[in-house]
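Q: Fold the stuff below for me.
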Amino acid sequence: MLFPILGIVLVGMIALALRYRYLNKKMDNDNEAFYERERKANATPKKDISNLTYIKVPLEKFPIGQIEDDEIKVIEDKLVALSEKDILNLVGKTNTDLKEEYGVPNFDKMQEVGENFNELTVTLVEYSNELILRNMLDETISVLEYGIAIKTDVSKNYTLLGDCYKQKNQPRKIKVLREQAERYDGIMRESIIRHLDELLEGEENFET
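A: Numbering: from 1, shown residues only. Down below sits the predicted model:
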């Protein structure tokens, strides 16, 4: 019995060694491909970005200045400042992607407009939390729906909006939001969908 067992162990060790060799080679090839792509990206000339359609912050749809509160004023000041900046949703794009798509001379600019988007999406949720505390449900919905419209990657934007729809007894809107969440690429996708499904439990008839 000893020899068959040794044979099985030996075959297993050989298989593991071959697998390890394959993975190392694949990693080397992936690294080479990455560095080659990065090298080419670093040589990408300046591209015309004058026709880019930047995201606009619709301050007129938000209750800016309607609340006398220092904490909420800080958030509103952020939104006002962001409304004067160039903003693009560049979520998911790597530095190499930015260089290839917009050219190396525009790299710093594109990093900035992408960071502006990140700041905007976080600020929208902060603003919504403050509005909810003040029972301003309709205003909160306007803010959060704007976040969905610009394809925010902040999962809280989805769950808070779902909660607001639930309070307004609008299950059809929750269902539409769930469909939008299915196209969400973040790691919280399943958590968002699960939360929205829980909000829809027992809702057999949706309003028209």
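Q: what sits against N89?
A: I55, G114, F117, I150, K151 (C-beta atoms under 8 Å, 6 or more residues apart in numbering). C-beta coordinates here come from the backbone N, C-alpha and C atoms, glycine included.
Q: and what of H195?
A: Y158, T159, G162.
Q: Buried subset of the residues you listed, written for PyMOL?
A: Of the contacts of H195, the buried ones go into a single PyMOL selection, burial set by 16 or more other C-beta atoms under 10 Å:
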select buried, resi 158+159+162
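Q: what's the helix or strand for the residue nearest to the spatial centre of the chain?
A: Per C-alpha atoms, centre = their mean, the C-alpha nearest to the average position across the chain is that of D153, at 2.0 Å. When secondary structure is defined using DSSP states H and E, no element contains D153, which sits outside every helix and strand.
Q: which residues touch it?
A: Applying C-beta under 8 Å, 6+ apart, one finds that D153 lies in contact with V91, T121, Y184, D185, G186.
Q: Over to the fourth one. Which of the three states is it?
A: This points to D185. Using DSSP: H, G, I helix; E, B strand; the rest coil, the structure places D185 in coil.
Q: In space, what's closest to it - neighbours in sequence excluded?
A: G92 (6.6 Å; C-beta to C-beta, 6 or more residues apart in numbering).
Q: got the phi/psi numbers for that neighbour?
A: Main-chain torsions, G92, degrees, to the nearest 10: phi 90, psi -10.
Q: What separation do you get for the nearest residue in space to G65 that is not next to it in sequence and N89?
A: Of all residues beyond its chain neighbours, the one nearest G65 is E76 (6.9 Å), with distances taken as C-beta to C-beta, 6+ apart. Applying C-beta to C-beta, to the nearest Å, one obtains 22 Å for the distance of E76 from N89.
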